[in-house]
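what follows is a predicted structure for the sequence shown.
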Amino acid sequence: GAVVSQHPSWVICKSGTSVKIECRSLDFQATTMFWYRQFPKQSLMLMATSNEGSKATYEQGVEKDKFLINHASLTLSTLTVTSAHPEDSSFYICSARDRGSGGAKNIQYFGAGTRLSVL
Amino acid sequence: SQKIEQNSEALNIQEGKTATLTCNYTNYSPAYLQWYRQDPGRGPVFLLLIRENEKEKRKERLKVTFDTTLKQSLFHITASQPADSATYLCALDAGGGNKLTFGTGTQLKVEL
């Protein structure tokens, strides 16, 4: 149980284009999903918290117009990197909390990540 | 400022030995602490959660301790195997009940 699917796993795009990354909880409902960014040999940096049916909460320094988040249902959140530039190249990872798991609700289940390369 | 520190240097140990990884934090008062495993190019996988009122937690070959006075958690893997080779991340709740803040991770390599 508690599987999170993230798609695509790898994407290359030209500078100036937009890229959408999907994050789905497959066997549980997730009222809250999180989007992280990770650079090589560094830790996960939280970008934003995505709440079903409401606007995302962005961390300080993260441009909300650049990184659009939509949490349209209890099982799907999307991150769109708009007008991507080479400096946006990174490893993006989503995670989800199981709304119904009681004492284990603080555990985050992660997707496999998306490697974005902007040329 | 708030910090979560893990050994930045890789830890190399021999198969069968016990690996011990350290997580130290400052200026946090976490209600719980978690350990995750991350393989190259993959998302982290949850291993163990320990609450502030718990001293120790075990799961199979894994053991976690949590000392809120020392502000430290130790993560042990007994009878280590080459398949245990990965990066191990500790994470604290950052207040507000939802968010986690991750350490930089320690890379473990178990050699034959």
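Cool, the structure landed.

which of the helices or strands spans the residue of chain B found nearest chain A?
Residue of chain B nearest chain A, by Cβ to the nearest Cβ: B:Gly43 (3.4 Å). Bear in mind the C-beta positions are built from the backbone N, C-alpha and C, glycine included. Using DSSP states H and E, B:Gly43 sits in no helix or strand.

and the closest residue to it other than its chain neighbours, what's its pLDDT?
Nearest non-adjacent residue to B:Gly43, counting by Cβ to Cβ, 6 or more residues apart in numbering or on different chains: A:Phe110, 3.4 Å away. On pLDDT, A:Phe110 comes in at 95.

which stretches of the chain have low pLDDT?
Here I'm looking at chain A. For chain A, the stretches flagged by pLDDT under 70 are A:1, A:99-105.

ah, I was thinking of chain B
B:94-97.

near chain B, which residues of chain A?
A:4, A:6, A:32, A:34, A:42-44, A:46, A:49, A:91, A:93-95, A:97, A:104, A:106-113, A:115 (Cβ under 8 Å from any Cβ of the partner chain).

repeat that for 10 Å
Taking Cβ under 10 Å from any Cβ of the partner chain as the contact definition, chain A meets chain B at A:2, A:4, A:6, A:9-10, A:32, A:34, A:36, A:38, A:41-46, A:49, A:51, A:57, A:59, A:91-95, A:97, A:103-115.

filter the residues you listed down to the ones in helices?
Among those, no member falls in helices (DSSP state H).

can I get the buried part of the residues you listed as one ChimeraX selection?
Only the buried entries of these go into this ChimeraX selection, using 16 or more other Cβ atoms under 10 Å in any protein chain shown:
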select /A:2,4,6,32,34,36,38,43,44,45,46,49,51,57,91,92,93,94,95,97,106,107,108,109,110,111,113,114
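
re the thing from before, the residue nearest to B:Gly43 and B:Gln14, how far apart?
Taking Cβ to Cβ, to the nearest Å as the measure, A:Phe110 falls 30 Å from B:Gln14.

thanks a lot, catch you later.
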